[in-house]
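Asks: Got a sequence here, can you model it:
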Amino acid sequence: MPRSQGLSSESQANLANLFRMVRMSTRGKKQGHGYGDKRRGPRLQKVLADAGVASRRACESLIESGMVTVNGEVVETLPAWVDPEGDRIVAEGRVVGKTRRNIYVMLFKPRGTVSTNSDPEGRCRAIDLVLHPSRPRLYPVGRLDVESSGLLLLTNDGELANRLTHPRYGVHKGYQVTVGGRLSDEDVERLERGIFLPDKRSGGASRTNRSKLDVIKRDRDRTLLYMELREGRNRQIRRMMAQFGFPVKKLRRVRMGPLALKGLAPGEWRELSSGELSSLRRAAYRIRDKAASSKA
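Replies: Below is the predicted model:
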């Protein structure tokens, strides 16, 4: 503030305090920028923080100091919502790169569709069924063989995908299985305890982890059961049942941790709700947190 001529030191100090109070009183008031519609996208400070500009709190201060523009317009008050894909955002003279949005899709994979993104045989892939408007590059979380159907999660969040598939984190997968023949209670107990399956990597055999089996319906010619696994060996359920002489007639994945297959017909997909995603993340990170606390 320029020095005022003819005013005493006390008067100048009072005037400076007055200007300071005016600035503080107007800081939290909404100003006339064009980004007050929360339907546009995420909050501006979140977009800046996700792009690595600074912490969320520091980004808020940066905005309020008038150092951020959106499409050439200075945005110095909050809240402000932006479209990170379409808006040109500049912070301190630097264009903020577009941030990748993580996508989480539940697909009801039909039989005859492959889970892999690369298929030399040219068969229909799971990703071919997901026509997402933002055209993200999605990857399946784990696999369902071509003869199986059911819940398949596709995402571009590599860290979460790893936690959902690695047996160390213990996120279970639930399957409805129909086998030919009458599965006895003794067979169920033996399967639950684990059996030895050949391991191509080691050339030997290793016991499967303990699993959970519940018989839903049983008659002379077939048995319908629910089977829960915490590991994901190749065609594991089919191989386990084959050892007992029970060929799998139908296999459908219906659960992944807290996530249940619902609201979809075969071949249909939808994005996860915020509640489903939160539950899935808690399940994926809970094992790690328990292990860390036990070492502390």
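Asks: For the stretch 1-150 of the chain, which segments are assigned as helices?
Replies: 9-27, 44-50, 56-64 (DSSP state H, counting those that start in this stretch).
Asks: Check these for me: which has the lowest mean pLDDT.
Replies: Mean pLDDT per stretch puts helix 9-27 lowest among the helices of the stretch 1-150 of the chain, at a mean of 52.
Asks: now Thr69, nearest residue through space, not along the chain?
Replies: Val90 (4.8 Å; C-beta to C-beta, 6 or more residues apart in numbering). The C-beta positions use only the backbone N, C-alpha and C, and glycine is treated the same way.
Asks: Show me what the one you found is bridged to.
Replies: Thr69, Val95 (DSSP bridges).
Asks: Just list the residues touching it, thanks.
Replies: Shown in contact with Val90 (C-beta atoms under 8 Å, 6 or more residues apart in numbering): 68-70, 96.
Asks: which stretches of the stretch 1-150 of the chain have low pLDDT?
Replies: Residues of the stretch 1-150 of the chain that meet the criterion pLDDT under 70 lie in 1-31, 52, 98-100.
Asks: got the contact list for the nearest residue to Thr113 once chain neighbours are set aside?
Replies: Of all residues not flanking Thr113 in the chain, Cys124 sits nearest, at 5.0 Å (C-beta to C-beta, 6+ apart). Contact analysis of Cys124 by C-beta under 8 Å, 6+ apart lists 112-114.
Asks: List only buried entries from those.
Replies: 113-114 (16 or more other C-beta atoms under 10 Å).
Asks: Closest one to Glu85 out of the contacts of Cys124, please.
Replies: Thr113 (29.3 Å; C-beta to C-beta).
Asks: My read is that that closest one contacts Arg123, right?
Replies: Yes: the criterion here is C-beta atoms under 8 Å, and Thr113 meets it with Arg123 at 7.4 Å.
Asks: okay, and the common contacts of these two?
Replies: In contact with both Thr113 and Arg123: Val146, using C-beta under 8 Å, 6+ apart.
Asks: neighbours around Ala283, how many?
Replies: 19 (other C-beta atoms under 10 Å).
Asks: Secondary structure element holding it?
Replies: helix 274-295 (DSSP states H and E).
Asks: One more: Thr178?
Replies: Counting by DSSP H and E, Thr178 is part of strand 173-180.
Asks: what helices or strands is that strand leaning on?
Replies: The contact analysis (3 or more C-beta pairs under 8 Å, 6 or more residues apart in numbering; DSSP states H and E) places strand 173-180 against strand 222-229, helix 236-243, strand 248-256.
Asks: out of those, which comes closest to Phe196?
Replies: So among the helices and strands packed on strand 173-180, helix 236-243 is nearest, using C-beta to C-beta, at 8.7 Å.
Asks: what comes up buried for stretch 156-165?
Replies: In stretch 156-165, residues buried by neighbour count (16+ other C-beta under 10 Å) are 156-157, 160-161, 163-165.
Asks: Tell me where the stretch 151-296 of the chain is predicted with low confidence.
Replies: 287-296.
Asks: and the most centrally placed residue in the chain, what does it touch?
Replies: Using C-alpha atoms, centre = their mean, the residue of the chain that lies closest to the mean C-alpha position is Tyr104, 5.0 Å off. By C-beta under 8 Å, 6+ apart, Tyr104 lies in contact with 153-155, 157, 271-272, 277, 280.
Asks: Repeat the analysis, applying 7 Å as the threshold.
Replies: Residues near Tyr104 by C-beta atoms under 7 Å, 6 or more residues apart in numbering: 153, 155, 157, 271-272, 277.
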